[in-house]
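Asker: Predicted model and sequence follow; I will ask about them next.
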Amino acid sequence: MQERAFPLVFAERVPATAAFYERLGFTRLRQNPPEGEPTYIALARGTAELAVVSADWPATRYGRPLGTGVRFEMFVLVDDLDTLLKELAGAGVPLLRDPVEMPWGERIAYVTDPDGNPVALAAGPHS
């Protein structure tokens, strides 16, 4: 049985959204088309995978319109939350919520990817 599964992140600007996730430690595996403006970029971070695809994917693949508002939340464990937040702020990444100490010991902050989807960044005992 295959053991791979990964989410597709719908993006208005595929390269910009992929670059955001690369800042969080994801590595680009491949893109389609291989040359020029990509409409699909596969990324991995350790054993975690995701693909960033063009926002028109739902309409062209299965005839459904892309939803509005929050379409998903990504949760990423990081080593140094404060340093990463400073780097992201310097790059103009919006902060949704300042770091909060959770009862189970993680510190979690929320930023957005280029399409406005929330990304939880967590550091602590499980990172």
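Answerer: Cool, the structure landed. This is a predicted model, so every value here is computed, not measured. Numbers count the residues shown, from 1 in each chain.
Asker: Show me where the protein dips below the pLDDT cut-off.
Answerer: 126-127 (pLDDT under 70).
Asker: Give me the most central residue, it.
Answerer: residue 21 (4.8 Å; Cα atoms, centre = their mean).
Asker: Tell me who's in contact with the closest residue to that residue other than its chain neighbours.
Answerer: The shortest distance from residue 21 to any non-neighbouring residue, by Cβ to Cβ, 6 or more residues apart in numbering, is to residue 43 (5.5 Å). To be clear about C-beta, it is placed using only N, CA and C from the backbone, and glycine gets the same treatment. Residue 43 makes contacts with 18, 21-22, 26-29, 49-52, as judged by Cβ atoms under 8 Å, 6 or more residues apart in numbering.
Asker: can you check residue 39 too?
Answerer: Residue 39 sits in contact with 14, 32-33, 53-54, 57, where contact means Cβ under 8 Å, 6+ apart.
Asker: What subset of those is buried?
Answerer: 14, 53-54, 57 (16 or more other Cβ atoms under 10 Å).
Asker: Out of those, flag the one nearest to residue 125.
Answerer: Among these, residue 53 lies closest to residue 125 (Cβ to Cβ), at 34.2 Å.
Asker: residues touching the closest one, list them.
Answerer: Contacts of residue 53 by Cβ under 8 Å, 6+ apart are 8-11, 14, 39-41.
Asker: The same query, at a cut-off of 6 Å, please.
Answerer: 8, 40 (Cβ atoms under 6 Å, 6 or more residues apart in numbering).
Asker: On the three-state scheme, it is what?
Answerer: With DSSP: H, G, I helix; E, B strand; the rest coil as the basis, residue 53 sits in strand.
Asker: what pairs with it across the strands?
Answerer: Residue 53 has these beta-bridge partners by DSSP bridges: residue 10, residue 40.
Asker: Residue 15 versus that one, what's the distance?
Answerer: Between residue 53 and residue 15 the computed distance is 12 Å (Cβ to Cβ, to the nearest Å).
Asker: and residue 125, what helix or strand is that in?
Answerer: Residue 125 is part of no helix or strand when elements are defined by DSSP states H and E.
Asker: Over to residue 3?
Answerer: Under the criterion DSSP H and E, no helix or strand holds residue 3.
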